[in-house]
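Colleague: One predicted model, sequence on top.
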Amino acid sequence: MLGLKNRMETVAQKAVSDVLAESGHCACQRCHDDTMALVLNQLPSRYYRASSDPAVEADELEARYLPQARSLADEAAVTVHKAPRHDTDESYQLMNYSVQIVESSFADILPLTKACLCAVCVADMVSYALDQLDCKYVCTTRGAAFTQLEELRAEPDPHRLSVFFQAIAYVNRNRRHKQDVEQNPIAEQNENQSTRH
Ligand SMILES: [Zn+2]
Ligand SMILES: [Zn+2]
């Protein structure tokens, strides 16, 4: 788990809350999250590392995608309203399966490549790949999630694979880690000494 977050969730959240309040449809947590899943699967994703990234780009993203998110939420709210699932008390989680698929695929692929395996580079590669692939948001129980994950992993998907290699190449060209410090301990020492003066 790399602790990645999709900035688009904030935009969808806002759109869904507004639409449910205005339409008078049930706004319970389950109906809200089911509507969120439908909306998010039709929007592009913008993943980033929750621990490191400042909230840049959020306003820009909202300005650009909120109108689209609202019209998707209008349709999604009607779909959920027709077949609400709030009567079951199963515990569930709103999650994007693609995150698990991409993280576990990279764990298999990366050791076979010359890609840098530091936390910064791996998170950048996974985020890059996620933003190129479709989201698979669902509200489901944990057990069901893992069953479906296995199914999804079993199918060969050339498009997904080509996105993974694009991600590796992209991060290789645009490394954001402190290369000298990480790969050359002597450079780190010198840097420390010079800052002490
Ligand atoms: Zn409800
Ligand atoms: Zn790195």
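Modeller: Cool, got the structure. Ligands and ions are numbered 1, 2, ... in the order given.
Colleague: Okay, now the unreliable bits of the chain?
Modeller: Within the chain, the segments meeting pLDDT under 70 span 51-56, 142-156, 179-197.
Colleague: again, only using 80
Modeller: 1, 50-58, 89-90, 140-156, 178-197 (pLDDT under 80).
Colleague: Scan the chain for its longest helix.
Modeller: helix 58-82 (DSSP state H).
Colleague: do it and ligand 1 meet?
Modeller: No. Applying C-beta under 5 Å from the ion, one finds helix 58-82 separated from ligand 1 by no less than 7.8 Å. (C-beta placed from N, C-alpha, C; glycine too.)
Colleague: Past that helix, which element shows up next along the chain?
Modeller: strand 93-96 (DSSP states H and E).
Colleague: And that following strand, what's buried?
Modeller: Across strand 93-96, burial judged by 16 or more other C-beta atoms under 10 Å covers L94, M95, N96.
Colleague: Could you do stretch 101-119 as well?
Modeller: Neighbour count says stretch 101-119 has I101, V102, E103, S105, F106, I109, L110, A115, C116, C118 buried, by 16+ other C-beta under 10 Å.
Colleague: Please apply the same query to stretch 74-86.
Modeller: By 16+ other C-beta under 10 Å, the buried positions in stretch 74-86 come out as A76, A77, V80, H81.
Colleague: One more: stretch 171-179?
Modeller: So stretch 171-179, judged by 16+ other C-beta under 10 Å, has buried residues V171.
Colleague: Put the alpha carbons of it into PDB.
Modeller: Output in PDB follows, covering the C-alpha atoms of stretch 171-179 (Å, rounded to 0.1, in the frame of the first residue of the first chain):
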ATOM      1  CA  VAL A 171       9.500   8.100 -14.200                       C
ATOM      2  CA  ASN A 172      13.000   7.100 -15.400                       C
ATOM      3  CA  ARG A 173      13.100  10.300 -17.400                       C
ATOM      4  CA  ASN A 174      11.600  12.400 -14.700                       C
ATOM      5  CA  ARG A 175      13.000  11.200 -11.400                       C
ATOM      6  CA  ARG A 176      12.000  13.200  -8.400                       C
ATOM      7  CA  HIS A 177      14.100  11.500  -5.800                       C
ATOM      8  CA  LYS A 178      17.300  13.100  -4.600                       C
ATOM      9  CA  GLN A 179      19.500  11.000  -6.900                       C
END
